[in-house]
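**Student:** predicted model and sequence follow; I will ask about them next.
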Amino acid sequence: MGTDLYEIMTIPGRGKGLVAKVDIPKGTRIICEKPLFTLRSSTLPSIHRLVAEKLKLLPKNKQREFLSLHNNFPGQYAFAGIFKTNALPCGPDSPVGGIYTTACLINHSCIPNAHNNWNEGSQHETIHAIKDILVGEEILISYVVDELSQARQRKLRESFGFQCSCELCSQPPHAIQASDQRRADIQRLDEKIGDPVAMMSSPQRSLAGCHDLLQILDEEFRGAAIALLPRLYYDAFQVSIAHGDQARASVFAERSYMSRVECEGEDSPATQWVKTLMQDPTKHSTFNAYSTRWRSTKTARPRNLDADRFDKWLWKYSG
């Protein structure tokens, strides 16, 4: 399936990359790839030795594919340099990284059009389109989390050896400054929403924070289904179900589920868990944990409302 969607090309100033051969709709699985090998992060000498052992077990053509990957840390420990430059984490903040012959060729953008995800259940990496990708466009993921511009540039220089000039980083200073403000607001709201004390004592404010964050994410990432989106809806689900509101909780779980399908696919364990909550919100451990002040049944969600009126009902606690 993958080779029908993209081709590997040399991108000026960026080395090899993946370019769409056809229009790729949002939510499409572009790549599903097993790693050549996985390895826990360690010192350069140790990684070099362990990678050498892993390579001996691979066919010659796979060895050559590994050796053709970019190395931002040339020197005595070349194998370790290739691994550190290219390994994709096997889960968020995981110390274990995987090497892939195709997924590792995908270049970076601070406004990505694709998302990489480790499927723990199936032990493979997936790449999904998180916005519509047009034929001829390069497929791009984000190598760094959503820090402000100076921190992103520093990490990209230190870890990957390049100065980012993506569509965001090539904008005028005032536009980058506006982006930095949005990303600072995203960090602040994300931390605030996840506070269990606030969820318990001020659930209206927590939901208001979710709603504000949703609007900022849409503006900053231009409608892309980035990984923060399903987490945001999951947080809104937890606020609702902890106060007994099955109706709204089921809607938030459904939206989290749909966002996860776009980012990770139906077969992701996280997607399957949220699907369970969508079908029965009471299965969550925090059901009625804080109060029953918002008690409702799942079937209490309103019918026959247009999208605007439905959203007003859904977010009514946010004012």
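**Tutor:** Yes, it's here.
**Student:** from now on I want contacts and neighbour counts done on CA atoms only, so please keep to that.
**Tutor:** Fine.
**Student:** which residues in the stretch 201-319 of the chain form helices?
**Tutor:** According to DSSP state H, counting those that start in this stretch, the stretch 201-319 of the chain carries its helices in the segments 203-221, 228-242, 246-263, 269-279, 307-314.
**Student:** dump those helices into JSON lines; add mean neighbour count as well.
**Tutor:** Formatted as JSON lines, those follow (neighbours: other C-alpha atoms under 10 Å):
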{"stretch": "helix 203-221", "mean neighbour count": "19"}
{"stretch": "helix 228-242", "mean neighbour count": "25"}
{"stretch": "helix 246-263", "mean neighbour count": "26"}
{"stretch": "helix 269-279", "mean neighbour count": "19"}
{"stretch": "helix 307-314", "mean neighbour count": "12"}
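**Student:** of all those helices, which one is nearest V145?
**Tutor:** helix 228-242 (10.5 Å; C-alpha to C-alpha).
**Student:** show me what that closest one is in contact with.
**Tutor:** Helix 228-242 has contacts (C-alpha atoms under 8 Å, 6 or more residues apart in numbering) with 190, 193-194, 199-200, 203, 206-207, 210, 213-214, 217, 246, 248-253, 255-260, 281-282, 284, 286-292, 294.
**Student:** which one of the helices of the stretch 201-319 of the chain lies closest to C32?
**Tutor:** Closest to C32 of the helices of the stretch 201-319 of the chain is helix 246-263 (C-alpha to C-alpha; 12.6 Å).
**Student:** mind giving me the packing neighbours of that closest one?
**Tutor:** Other helices and strands packing on helix 246-263, by 3 or more C-alpha pairs under 8 Å, 6 or more residues apart in numbering; DSSP states H and E, are strand 114-119, strand 124-129, helix 228-242, helix 269-279.
**Student:** switch to 6 Å and redo it
**Tutor:** Using 3 or more C-alpha pairs under 6 Å, 6 or more residues apart in numbering; DSSP states H and E as the contact test, the elements touching helix 246-263 are helix 228-242, helix 269-279.
**Student:** would CSV of the ones you listed with distance to L58 be doable?
**Tutor:** What follows is the helices and strands packed on helix 246-263, written out as CSV (distance: least, C-alpha to C-alpha, whole Å):
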stretch, distance to L58
helix 228-242, 36
helix 269-279, 29
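**Student:** got CSV for those, with mean pLDDT too?
**Tutor:** Listed next are the helices and strands packed on helix 246-263 as CSV, based on pLDDT from 0 to 100:
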stretch, mean pLDDT
helix 228-242, 95
helix 269-279, 97
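**Student:** any chance of the helices of the stretch 201-319 of the chain in JSON lines, with distance to F83 too?
**Tutor:** Rendered in JSON lines, the data for the helices of the stretch 201-319 of the chain read as follows (distance: least, C-alpha to C-alpha, whole Å):
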{"stretch": "helix 203-221", "distance to F83": "29"}
{"stretch": "helix 228-242", "distance to F83": "27"}
{"stretch": "helix 246-263", "distance to F83": "25"}
{"stretch": "helix 269-279", "distance to F83": "27"}
{"stretch": "helix 307-314", "distance to F83": "46"}
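**Student:** and these: which comes nearest K26?
**Tutor:** Relative to K26, the nearest member of those by C-alpha to C-alpha is helix 246-263, separated by 6.9 Å.
**Student:** the closest one to helix 307-314, inter-axis angle?
**Tutor:** Interaxial angle, helix 246-263 versus helix 307-314 (axes from the mean of the first three to the mean of the last three C-alpha atoms, to 10 degrees): 120 degrees.
**Student:** got the contact list for helix 246-263?
**Tutor:** Residues outside helix 246-263 that contact it (C-alpha atoms under 6 Å, 6 or more residues apart in numbering): 27, 128, 230, 233-234, 237, 240-241, 271, 274-275, 278, 281, 296-298, 300-301.
**Student:** before we move on, what about stretch 175-193?
**Tutor:** Everything outside stretch 175-193 that qualifies as a contact, by C-alpha under 6 Å, 6+ apart, is L148, S206.
**Student:** at 7 Å what do you get?
**Tutor:** With contact meaning C-alpha atoms under 7 Å, 6 or more residues apart in numbering, stretch 175-193 is reached by D146, E147, L148, S149, L168, C169, S206, G209, C210, L213, I216, E220.
**Student:** report the buried residues of it.
**Tutor:** Applying a neighbour-count criterion of 16 or more other C-alpha atoms under 10 Å, one finds I176, S179, D180, R182, R183, D185, I186, L189, D190, K192, I193 buried in stretch 175-193.
**Student:** just for the protein, where's the confidence low?
**Tutor:** Under the criterion pLDDT under 70, the flagged ranges of the chain are 1-2, 317-319.
**Student:** what's the closest non-adjacent residue to the most centrally placed residue in the chain?
**Tutor:** Residue closest to the mean C-alpha point of the chain, counted by C-alpha atoms, centre = their mean, is A227 at 3.2 Å. In space, A227 comes closest to C263 once its chain neighbours are excluded; the distance is 6.6 Å by C-alpha to C-alpha, 6 or more residues apart in numbering.
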